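1. With the input below, show me the fold.
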Amino acid sequence: MTEPHSGSAVLPRRRTAFVEGAEQLRAAATTEPGRLRIIGAVLALLVVAFGAVTAWQTSQRAAAADDVIERSQPLTADAAAIYVSLADANTAAASGFLAGGQEPPAVRERYEKDIAGAARKLAGAAANSKGSGTASAEIAKLNALLPKYAERIETARTYNRQGLPLGGAYLRNANDLMQTEMLPAAKELYDAEKARLGADYDAAKSYPWAAIGLGLLALAALVWAQRRNYRRTNRVFNLGLLTATGTAAAVLLWLVAGHTVAFAALGDSYDNGVRSLNVLNDARISTLQARSNENLTLVARGAVTVPDGPDEGEDQYDVDYRALMRELGDGGADRAGMGTLGAALHLADDAVGRQPVQDAMAAVEEWQERHEAAREADTQGDYEKALDRVIGDDEATGESFDRADKALEQAVTHEQQDFRGAAEDGRGAMTGLPVGAAVVAVLGAAGAVLGIGRRLSEYR
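-> From the prediction side, this is the model:
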(Lines give C-alpha, C1' and ligand atoms only; values in the text may rest on other atoms or scores of the structure.)
Protein backbone atom coordinates (compact mmCIF):
# COMPACT_ATOMS: atom_id res chain seq x y z
CA MET A 1 0.00 0.00 0.00
CA THR A 2 1.17 3.46 -0.76
CA GLU A 3 1.11 5.96 2.06
CA PRO A 4 -0.83 9.10 1.39
CA HIS A 5 1.22 12.19 0.66
CA SER A 6 1.57 14.15 3.88
CA GLY A 7 2.49 17.65 2.62
CA SER A 8 2.44 20.49 5.24
CA ALA A 9 -0.80 22.47 5.36
CA VAL A 10 -0.56 26.27 4.95
CA LEU A 11 -2.19 27.97 7.96
CA PRO A 12 -3.85 31.35 7.47
CA ARG A 13 -1.81 34.30 8.80
CA ARG A 14 -3.07 35.49 12.15
CA ARG A 15 -4.36 39.06 12.09
CA THR A 16 -2.97 41.59 14.53
CA ALA A 17 -5.08 43.25 17.17
CA PHE A 18 -4.70 46.55 15.35
CA VAL A 19 -6.08 45.10 12.10
CA GLU A 20 -8.97 43.46 13.90
CA GLY A 21 -9.72 46.70 15.73
CA ALA A 22 -9.65 48.68 12.49
CA GLU A 23 -12.05 46.24 10.85
CA GLN A 24 -14.40 46.42 13.82
CA LEU A 25 -14.25 50.21 13.68
CA ARG A 26 -15.06 50.20 9.97
CA ALA A 27 -17.93 47.81 10.58
CA ALA A 28 -19.26 49.99 13.39
CA ALA A 29 -19.06 53.08 11.20
CA THR A 30 -21.54 51.55 8.74
CA THR A 31 -24.35 51.82 11.30
CA GLU A 32 -25.69 54.90 13.04
CA PRO A 33 -25.24 53.51 16.58
CA GLY A 34 -21.64 52.66 15.76
CA ARG A 35 -21.01 56.13 14.38
CA LEU A 36 -22.55 57.68 17.46
CA ARG A 37 -20.28 55.65 19.73
CA ILE A 38 -17.21 56.81 17.76
CA ILE A 39 -18.36 60.44 17.88
CA GLY A 40 -18.97 60.22 21.62
CA ALA A 41 -15.53 58.75 22.26
CA VAL A 42 -13.79 61.39 20.15
CA LEU A 43 -15.70 64.24 21.81
CA ALA A 44 -14.92 62.95 25.30
CA LEU A 45 -11.25 62.49 24.39
CA LEU A 46 -10.97 66.01 22.97
CA VAL A 47 -12.59 67.63 26.01
CA VAL A 48 -10.47 65.63 28.47
CA ALA A 49 -7.30 66.38 26.47
CA PHE A 50 -8.20 70.07 26.46
CA GLY A 51 -8.65 70.07 30.22
CA ALA A 52 -5.45 68.11 30.84
CA VAL A 53 -3.28 70.32 28.62
CA THR A 54 -4.86 73.45 30.12
CA ALA A 55 -4.12 72.22 33.64
CA TRP A 56 -0.55 71.31 32.67
CA GLN A 57 0.31 74.56 30.88
CA THR A 58 -1.33 76.85 33.44
CA SER A 59 0.40 74.96 36.26
CA GLN A 60 3.74 75.61 34.58
CA ARG A 61 3.01 79.31 34.21
CA ALA A 62 1.69 79.63 37.76
CA ALA A 63 4.86 77.94 39.03
CA ALA A 64 6.99 80.35 36.98
CA ALA A 65 5.03 83.31 38.42
CA ASP A 66 5.69 81.90 41.90
CA ASP A 67 9.39 81.71 41.07
CA VAL A 68 9.38 85.34 39.93
CA ILE A 69 7.86 86.52 43.21
CA GLU A 70 9.36 84.12 45.72
CA ARG A 71 12.73 83.15 44.26
CA SER A 72 14.33 84.94 41.31
CA GLN A 73 13.32 88.54 42.11
CA PRO A 74 14.29 88.25 45.80
CA LEU A 75 17.59 86.69 44.75
CA THR A 76 18.15 89.55 42.30
CA ALA A 77 17.39 92.02 45.07
CA ASP A 78 19.82 90.20 47.37
CA ALA A 79 22.53 90.28 44.70
CA ALA A 80 21.99 94.03 44.32
CA ALA A 81 22.10 94.39 48.11
CA ILE A 82 25.43 92.53 48.20
CA TYR A 83 26.85 94.94 45.61
CA VAL A 84 25.51 97.97 47.50
CA SER A 85 26.80 96.69 50.86
CA LEU A 86 30.29 96.12 49.48
CA ALA A 87 30.42 99.51 47.75
CA ASP A 88 29.06 101.24 50.86
CA ALA A 89 31.57 99.44 53.10
CA ASN A 90 34.37 100.68 50.87
CA THR A 91 32.99 104.22 51.08
CA ALA A 92 32.62 104.06 54.87
CA ALA A 93 36.17 102.72 55.24
CA ALA A 94 37.59 105.64 53.26
CA SER A 95 35.45 108.15 55.18
CA GLY A 96 36.63 106.74 58.50
CA PHE A 97 40.24 106.85 57.35
CA LEU A 98 39.95 110.55 56.46
CA ALA A 99 38.77 111.30 59.99
CA GLY A 100 42.18 110.20 61.27
CA GLY A 101 42.83 108.23 64.43
CA GLN A 102 39.48 109.19 65.97
CA GLU A 103 37.18 107.43 63.56
CA PRO A 104 33.53 108.51 64.15
CA PRO A 105 31.56 105.67 65.80
CA ALA A 106 28.70 106.08 63.30
CA VAL A 107 31.07 105.57 60.36
CA ARG A 108 32.65 102.51 62.00
CA GLU A 109 29.22 101.09 62.75
CA ARG A 110 28.14 101.65 59.14
CA TYR A 111 31.19 99.79 57.84
CA GLU A 112 30.67 96.84 60.16
CA LYS A 113 26.96 96.70 59.32
CA ASP A 114 27.79 96.61 55.60
CA ILE A 115 30.36 93.83 55.97
CA ALA A 116 28.02 91.76 58.15
CA GLY A 117 25.12 92.37 55.76
CA ALA A 118 27.19 91.31 52.74
CA ALA A 119 28.30 88.13 54.53
CA ARG A 120 24.71 87.31 55.52
CA LYS A 121 23.36 87.91 52.03
CA LEU A 122 26.14 85.80 50.53
CA ALA A 123 25.22 82.92 52.83
CA GLY A 124 21.57 83.20 51.80
CA ALA A 125 22.48 83.42 48.11
CA ALA A 126 24.71 80.34 48.43
CA ALA A 127 21.79 78.36 49.85
CA ASN A 128 19.48 79.39 46.99
CA SER A 129 21.83 79.46 43.99
CA LYS A 130 21.45 75.79 43.05
CA GLY A 131 21.31 75.31 39.30
CA SER A 132 23.32 78.43 38.48
CA GLY A 133 27.01 77.70 37.98
CA THR A 134 27.91 81.36 37.43
CA ALA A 135 26.17 82.49 40.62
CA SER A 136 27.80 79.74 42.68
CA ALA A 137 31.27 80.57 41.36
CA GLU A 138 30.91 84.30 42.09
CA ILE A 139 29.51 83.65 45.57
CA ALA A 140 32.46 81.39 46.37
CA LYS A 141 34.86 84.03 45.08
CA LEU A 142 33.28 86.78 47.19
CA ASN A 143 33.25 84.57 50.29
CA ALA A 144 36.98 84.05 49.85
CA LEU A 145 37.80 87.72 49.18
CA LEU A 146 35.66 89.34 51.87
CA PRO A 147 37.93 88.32 54.82
CA LYS A 148 41.01 89.47 52.87
CA TYR A 149 39.44 92.85 52.25
CA ALA A 150 38.40 93.25 55.89
CA GLU A 151 41.91 92.30 57.03
CA ARG A 152 43.49 94.98 54.81
CA ILE A 153 41.07 97.60 56.08
CA GLU A 154 41.91 96.72 59.68
CA THR A 155 45.62 96.97 58.91
CA ALA A 156 45.06 100.38 57.30
CA ARG A 157 43.16 101.51 60.40
CA THR A 158 45.93 100.33 62.71
CA TYR A 159 48.62 102.28 60.84
CA ASN A 160 46.31 105.29 60.55
CA ARG A 161 45.76 105.42 64.32
CA GLN A 162 49.55 105.40 64.75
CA GLY A 163 49.89 108.28 62.30
CA LEU A 164 51.92 106.21 59.84
CA PRO A 165 51.55 106.93 56.08
CA LEU A 166 51.62 103.18 55.37
CA GLY A 167 47.94 103.14 56.33
CA GLY A 168 47.05 105.01 53.14
CA ALA A 169 48.85 102.39 51.05
CA TYR A 170 46.91 99.58 52.73
CA LEU A 171 43.63 101.46 52.20
CA ARG A 172 44.38 101.94 48.51
CA ASN A 173 45.32 98.26 48.27
CA ALA A 174 42.00 97.29 49.87
CA ASN A 175 40.20 99.62 47.48
CA ASP A 176 41.97 98.03 44.50
CA LEU A 177 40.85 94.59 45.72
CA MET A 178 37.29 95.87 46.01
CA GLN A 179 37.24 97.65 42.64
CA THR A 180 39.08 95.09 40.52
CA GLU A 181 37.86 91.79 41.99
CA MET A 182 35.02 92.03 44.50
CA LEU A 183 32.69 94.50 42.81
CA PRO A 184 33.11 92.84 39.37
CA ALA A 185 32.28 89.48 41.00
CA ALA A 186 29.23 91.06 42.67
CA LYS A 187 28.22 92.48 39.28
CA GLU A 188 28.51 89.03 37.68
CA LEU A 189 26.33 87.59 40.44
CA TYR A 190 23.78 90.37 39.95
CA ASP A 191 23.73 89.81 36.17
CA ALA A 192 23.30 86.04 36.62
CA GLU A 193 20.32 86.54 38.93
CA LYS A 194 18.80 89.10 36.53
CA ALA A 195 19.11 86.55 33.72
CA ARG A 196 17.33 83.93 35.85
CA LEU A 197 14.60 86.46 36.64
CA GLY A 198 14.16 87.19 32.94
CA ALA A 199 13.85 83.48 32.16
CA ASP A 200 11.17 83.06 34.84
CA TYR A 201 9.27 86.04 33.43
CA ASP A 202 9.40 84.55 29.93
CA ALA A 203 8.06 81.23 31.24
CA ALA A 204 5.26 82.89 33.21
CA LYS A 205 4.15 85.15 30.36
CA SER A 206 4.31 82.69 27.44
CA TYR A 207 0.88 82.02 25.94
CA PRO A 208 -0.54 78.46 26.32
CA TRP A 209 -1.09 78.00 22.59
CA ALA A 210 -1.45 74.20 22.77
CA ALA A 211 -4.31 74.47 25.28
CA ILE A 212 -6.01 77.24 23.29
CA GLY A 213 -5.71 75.22 20.06
CA LEU A 214 -7.16 72.10 21.68
CA GLY A 215 -9.98 74.17 23.18
CA LEU A 216 -10.94 75.59 19.80
CA LEU A 217 -10.79 72.11 18.24
CA ALA A 218 -12.99 70.64 21.00
CA LEU A 219 -15.53 73.45 20.62
CA ALA A 220 -15.61 73.01 16.84
CA ALA A 221 -16.17 69.25 17.21
CA LEU A 222 -18.98 69.80 19.76
CA VAL A 223 -20.71 72.35 17.53
CA TRP A 224 -20.43 69.97 14.58
CA ALA A 225 -21.88 67.10 16.63
CA GLN A 226 -24.86 69.21 17.71
CA ARG A 227 -25.49 70.38 14.16
CA ARG A 228 -25.36 66.77 12.96
CA ASN A 229 -27.77 65.77 15.71
CA TYR A 230 -30.16 68.57 14.72
CA ARG A 231 -30.11 67.61 11.02
CA ARG A 232 -30.87 63.96 11.82
CA THR A 233 -33.43 64.40 14.57
CA ASN A 234 -34.77 67.94 14.13
CA ARG A 235 -34.16 68.49 17.81
CA VAL A 236 -32.59 71.85 18.53
CA PHE A 237 -30.94 70.95 21.84
CA ASN A 238 -29.19 67.92 23.25
CA LEU A 239 -28.70 68.65 26.96
CA GLY A 240 -25.53 66.58 27.30
CA LEU A 241 -23.80 68.06 24.25
CA LEU A 242 -24.96 71.53 25.23
CA THR A 243 -23.44 71.06 28.69
CA ALA A 244 -20.17 69.85 27.19
CA THR A 245 -20.07 72.84 24.83
CA GLY A 246 -20.76 75.28 27.66
CA THR A 247 -18.07 73.83 29.92
CA ALA A 248 -15.47 73.79 27.12
CA ALA A 249 -16.31 77.39 26.23
CA ALA A 250 -16.11 78.41 29.90
CA VAL A 251 -12.68 76.82 30.35
CA LEU A 252 -11.41 78.40 27.13
CA LEU A 253 -12.70 81.82 28.13
CA TRP A 254 -11.25 81.44 31.63
CA LEU A 255 -7.92 80.38 30.14
CA VAL A 256 -7.68 83.27 27.67
CA ALA A 257 -8.96 85.93 30.09
CA GLY A 258 -6.91 84.68 33.05
CA HIS A 259 -3.69 84.48 31.09
CA THR A 260 -4.29 87.86 29.44
CA VAL A 261 -4.75 89.49 32.85
CA ALA A 262 -1.69 87.64 34.20
CA PHE A 263 0.36 88.65 31.14
CA ALA A 264 -0.59 92.31 31.59
CA ALA A 265 0.05 92.33 35.34
CA LEU A 266 3.40 90.54 35.05
CA GLY A 267 4.38 92.89 32.22
CA ASP A 268 3.49 95.84 34.43
CA SER A 269 5.52 94.41 37.31
CA TYR A 270 8.52 94.18 34.99
CA ASP A 271 8.15 97.53 33.23
CA ASN A 272 7.25 99.57 36.32
CA GLY A 273 9.04 97.47 38.92
CA VAL A 274 12.03 95.46 37.75
CA ARG A 275 13.25 97.96 35.14
CA SER A 276 13.01 100.82 37.65
CA LEU A 277 14.79 98.74 40.28
CA ASN A 278 17.62 97.93 37.89
CA VAL A 279 18.18 101.60 37.05
CA LEU A 280 17.86 102.73 40.68
CA ASN A 281 20.36 100.10 41.81
CA ASP A 282 22.79 101.29 39.13
CA ALA A 283 22.33 104.89 40.26
CA ARG A 284 22.85 104.02 43.92
CA ILE A 285 26.00 102.04 43.15
CA SER A 286 27.37 104.97 41.11
CA THR A 287 26.80 107.38 44.00
CA LEU A 288 28.55 105.02 46.41
CA GLN A 289 31.53 104.56 44.13
CA ALA A 290 31.71 108.30 43.46
CA ARG A 291 31.79 109.00 47.20
CA SER A 292 34.52 106.39 47.67
CA ASN A 293 36.62 107.97 44.91
CA GLU A 294 36.07 111.43 46.37
CA ASN A 295 37.38 110.23 49.73
CA LEU A 296 40.32 108.41 48.17
CA THR A 297 41.30 111.57 46.30
CA LEU A 298 42.14 113.11 49.68
CA VAL A 299 43.63 109.89 51.07
CA ALA A 300 46.03 109.43 48.13
CA ARG A 301 46.87 113.18 47.89
CA GLY A 302 48.01 112.89 44.28
CA ALA A 303 49.91 109.61 44.72
CA VAL A 304 47.77 107.84 42.09
CA THR A 305 47.54 109.53 38.70
CA VAL A 306 46.23 108.66 35.25
CA PRO A 307 49.15 107.07 33.34
CA ASP A 308 48.08 108.07 29.82
CA GLY A 309 45.25 109.39 27.68
CA PRO A 310 43.54 112.79 27.69
CA ASP A 311 43.56 112.90 31.51
CA GLU A 312 47.24 111.94 31.82
CA GLY A 313 48.78 113.18 35.05
CA GLU A 314 45.48 113.99 36.75
CA ASP A 315 44.38 112.40 40.01
CA GLN A 316 42.99 108.95 39.12
CA TYR A 317 40.32 108.98 41.81
CA ASP A 318 39.02 112.41 40.83
CA VAL A 319 38.85 111.37 37.17
CA ASP A 320 36.84 108.29 38.20
CA TYR A 321 34.58 110.50 40.34
CA ARG A 322 33.78 112.75 37.37
CA ALA A 323 33.09 109.73 35.15
CA LEU A 324 30.60 108.36 37.69
CA MET A 325 28.88 111.73 37.92
CA ARG A 326 28.46 111.70 34.15
CA GLU A 327 26.84 108.27 34.45
CA LEU A 328 24.38 109.69 36.97
CA GLY A 329 23.60 112.53 34.53
CA ASP A 330 21.55 115.65 35.03
CA GLY A 331 18.07 114.33 34.22
CA GLY A 332 17.65 116.43 31.08
CA ALA A 333 14.82 116.02 28.61
CA ASP A 334 16.92 114.02 26.16
CA ARG A 335 16.57 110.50 27.52
CA ALA A 336 19.54 109.21 25.53
CA GLY A 337 21.86 111.48 27.53
CA MET A 338 20.04 111.81 30.81
CA GLY A 339 22.03 109.23 32.77
CA THR A 340 20.75 106.75 35.31
CA LEU A 341 18.97 109.32 37.50
CA GLY A 342 17.11 110.75 34.53
CA ALA A 343 16.19 107.25 33.37
CA ALA A 344 14.92 106.42 36.86
CA LEU A 345 12.76 109.56 36.85
CA HIS A 346 11.40 108.63 33.42
CA LEU A 347 10.50 105.10 34.57
CA ALA A 348 8.82 106.21 37.82
CA ASP A 349 5.09 105.82 37.16
CA ASP A 350 3.63 107.90 39.99
CA ALA A 351 4.34 110.99 42.10
CA VAL A 352 5.36 108.89 45.11
CA GLY A 353 8.03 107.17 43.03
CA ARG A 354 9.22 110.36 41.30
CA GLN A 355 9.71 112.44 44.44
CA PRO A 356 12.68 110.54 45.95
CA VAL A 357 14.38 110.43 42.53
CA GLN A 358 13.98 114.21 42.22
CA ASP A 359 15.39 114.58 45.74
CA ALA A 360 18.39 112.45 44.75
CA MET A 361 18.96 114.54 41.63
CA ALA A 362 18.91 117.77 43.66
CA ALA A 363 21.32 116.26 46.21
CA VAL A 364 23.73 115.12 43.48
CA GLU A 365 23.68 118.56 41.87
CA GLU A 366 24.49 120.14 45.26
CA TRP A 367 27.16 117.50 45.82
CA GLN A 368 28.91 118.39 42.57
CA GLU A 369 28.98 122.08 43.51
CA ARG A 370 30.45 121.34 46.92
CA HIS A 371 32.95 118.91 45.41
CA GLU A 372 34.28 121.64 43.12
CA ALA A 373 34.83 123.88 46.15
CA ALA A 374 36.66 121.06 47.94
CA ARG A 375 38.85 120.35 44.91
CA GLU A 376 39.69 124.02 44.57
CA ALA A 377 40.86 124.15 48.19
CA ASP A 378 42.91 120.98 47.73
CA THR A 379 44.64 122.18 44.56
CA GLN A 380 45.51 125.45 46.34
CA GLY A 381 47.27 123.42 49.05
CA ASP A 382 44.71 123.94 51.81
CA TYR A 383 44.23 120.26 52.70
CA GLU A 384 42.42 120.91 55.99
CA LYS A 385 39.85 123.14 54.30
CA ALA A 386 39.33 120.52 51.56
CA LEU A 387 38.94 117.82 54.20
CA ASP A 388 36.35 119.91 56.07
CA ARG A 389 34.38 120.43 52.84
CA VAL A 390 34.29 116.65 52.30
CA ILE A 391 33.70 115.19 55.79
CA GLY A 392 32.95 118.27 57.89
CA ASP A 393 29.74 119.11 59.72
CA ASP A 394 28.73 122.19 57.72
CA GLU A 395 27.86 122.07 54.01
CA ALA A 396 30.15 119.13 53.33
CA THR A 397 29.86 116.83 50.34
CA GLY A 398 29.15 114.01 52.78
CA GLU A 399 25.80 115.61 53.66
CA SER A 400 24.83 115.75 49.99
CA PHE A 401 25.91 112.16 49.45
CA ASP A 402 23.89 110.96 52.46
CA ARG A 403 20.76 112.72 51.17
CA ALA A 404 21.21 111.24 47.70
CA ASP A 405 21.79 107.73 49.07
CA LYS A 406 18.79 107.86 51.40
CA ALA A 407 16.54 109.19 48.63
CA LEU A 408 17.61 106.39 46.30
CA GLU A 409 17.06 103.81 49.04
CA GLN A 410 13.53 105.20 49.50
CA ALA A 411 12.91 105.00 45.75
CA VAL A 412 14.10 101.37 45.68
CA THR A 413 11.73 100.48 48.53
CA HIS A 414 8.80 102.06 46.70
CA GLU A 415 9.54 100.31 43.40
CA GLN A 416 9.96 97.00 45.25
CA GLN A 417 6.43 97.40 46.63
CA ASP A 418 5.10 98.28 43.17
CA PHE A 419 6.75 95.19 41.71
CA ARG A 420 5.33 92.83 44.30
CA GLY A 421 1.82 94.23 44.06
CA ALA A 422 1.66 93.90 40.26
CA ALA A 423 3.37 90.49 40.22
CA GLU A 424 0.95 89.11 42.83
CA ASP A 425 -1.96 90.36 40.71
CA GLY A 426 -0.52 88.39 37.80
CA ARG A 427 -0.12 85.26 39.89
CA GLY A 428 -3.62 85.68 41.32
CA ALA A 429 -5.16 85.77 37.83
CA MET A 430 -4.11 82.12 37.37
CA THR A 431 -5.18 80.94 40.82
CA GLY A 432 -7.48 77.92 40.63
CA LEU A 433 -7.24 77.62 36.84
CA PRO A 434 -5.29 74.32 36.68
CA VAL A 435 -7.63 72.47 39.07
CA GLY A 436 -10.74 74.20 37.76
CA ALA A 437 -9.91 73.37 34.15
CA ALA A 438 -9.39 69.69 34.98
CA VAL A 439 -12.64 69.41 36.95
CA VAL A 440 -14.74 71.27 34.39
CA ALA A 441 -13.22 69.25 31.54
CA VAL A 442 -14.24 66.00 33.24
CA LEU A 443 -17.78 67.34 33.59
CA GLY A 444 -17.75 68.35 29.94
CA ALA A 445 -16.57 64.92 28.85
CA ALA A 446 -19.30 63.32 30.95
CA GLY A 447 -21.85 65.62 29.32
CA ALA A 448 -20.70 64.62 25.85
CA VAL A 449 -20.91 60.91 26.69
CA LEU A 450 -24.38 61.30 28.25
CA GLY A 451 -25.62 63.33 25.28
CA ILE A 452 -24.51 60.69 22.80
CA GLY A 453 -25.83 57.96 25.13
CA ARG A 454 -29.28 59.48 25.00
CA ARG A 455 -29.27 59.25 21.22
CA LEU A 456 -28.06 55.65 21.41
CA SER A 457 -30.95 54.74 23.71
CA GLU A 458 -33.32 55.55 20.89
CA TYR A 459 -31.99 52.57 18.92
CA ARG A 460 -32.69 49.99 21.60
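2. pLDDT of stretch 421-432, averaged?
-> For stretch 421-432, the mean pLDDT works out to 84.
3. Same question for stretch 311-320.
-> Mean predicted lDDT for stretch 311-320 stands at 85.
4. Please apply the same query to stretch 74-83.
-> 90.
5. Show residues contacting stretch 275-285.
-> 77, 80, 83-84, 87, 190, 194, 327-328, 340-341, 343-344, 347-349, 353, 357, 360, 405, 408-409, 411-412, 415-416, 418-419 (Cβ atoms under 8 Å, 6 or more residues apart in numbering). For every residue, glycine as well, the C-beta is placed using N, CA and C.
6. Kindly supply the PyMOL command isolating those of those that are buried.
-> Buried members of the contacts of stretch 275-285, defined by 16 or more other Cβ atoms under 10 Å, are picked up in PyMOL with:
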select buried, resi 77+80+83+84+87+190+194+327+328+340+341+343+344+347+348+353+357+360+405+408+411+412+415+416+418+419
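7. wait, what's in contact with L288?
-> 84, 87-88, 90-91, 405.
8. Kindly recompute the last result at 6 Å.
-> Residues near L288 by Cβ atoms under 6 Å, 6 or more residues apart in numbering: 87-88, 91.
9. Helices - which of those residues land there?
-> Under the assignment DSSP state H, the contacts of L288 contribute 87-88, 91 to helices.
10. ok, these vs L36, which is closest?
-> The shortest gap between L36 and any of these belongs to A87, at 74.1 Å (Cβ to Cβ).
11. nearest residue to that closest one other than its sequence neighbours?
-> L288 (3.9 Å; Cβ to Cβ, 6 or more residues apart in numbering).
12. Next: A119.
-> Spatial nearest neighbour of A119, chain neighbours left out: L146 (6.3 Å); criterion: Cβ to Cβ, 6+ apart.
13. residues of the strand or helix carrying the one you found that come out buried?
-> According to DSSP states H and E, L146 maps onto helix 133-161. In terms of neighbour count (16+ other Cβ under 10 Å), helix 133-161 has its buried residues at 135-136, 138-139, 141-142, 145-146, 149-150, 152-153, 155-157, 159-160.
14. Pull out the buried positions in the next helix or strand after that helix.
-> Proceeding N to C from helix 133-161, the next assigned helix or strand is helix 166-177, under DSSP H and E. Across helix 166-177, burial judged by 16+ other Cβ under 10 Å covers 167-172, 174-175, 177.
15. Columns distance to G273 on top of the residues you listed, output as TSV?
-> Formatted as TSV, these follow (distance: Cβ to Cβ, whole Å):
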residue	distance to G273
G167	44
G168	43
A169	44
Y170	42
L171	38
R172	39
A174	35
N175	33
L177	34
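16. of those residues, closest to T379?
-> Looking across these and measuring by Cβ to Cβ, the closest to T379 is G168, at 19.0 Å.
17. so where's the stretch 101-250 of the chain uncertain?
-> 101, 129-132, 233-237 (pLDDT under 70).
18. can you give me the helices for the stretch 301-450 of the chain?
-> Secondary structure of the stretch 301-450 of the chain by DSSP state H, counting those that start in this stretch: the helices cover 316-328, 339-347, 351-379, 383-391, 397-428, 433-457.
19. Dump the ones you listed into JSON lines; add distance to A186 as well.
-> Shown next, in JSON lines, are these (distance: least, Cβ to Cβ, whole Å):
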{"stretch": "helix 316-328", "distance to A186": "16"}
{"stretch": "helix 339-347", "distance to A186": "17"}
{"stretch": "helix 351-379", "distance to A186": "22"}
{"stretch": "helix 383-391", "distance to A186": "26"}
{"stretch": "helix 397-428", "distance to A186": "16"}
{"stretch": "helix 433-457", "distance to A186": "38"}
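20. Quick check: which of these is nearest to P184?
-> Here helix 316-328 is closest among the helices of the stretch 301-450 of the chain (Cβ to Cβ), at 14.8 Å.
21. wait, doesn't A55 sit right on V435?
-> No - using Cβ atoms under 6 Å, A55 is not in contact with V435; the gap is 7.2 Å.
22. The two - which one has more neighbours?
-> For A55 versus V435, neighbours defined as other Cβ atoms under 10 Å are more numerous around A55 (20 against 12).
23. The helix or strand that one falls within packs against which elements?
-> A55 is part of helix 32-67 when elements are defined by DSSP H and E. Counting contacts by 3 or more Cβ pairs under 6 Å, 6 or more residues apart in numbering; DSSP states H and E, helix 32-67 packs against helix 183-205, helix 209-233, helix 433-457.
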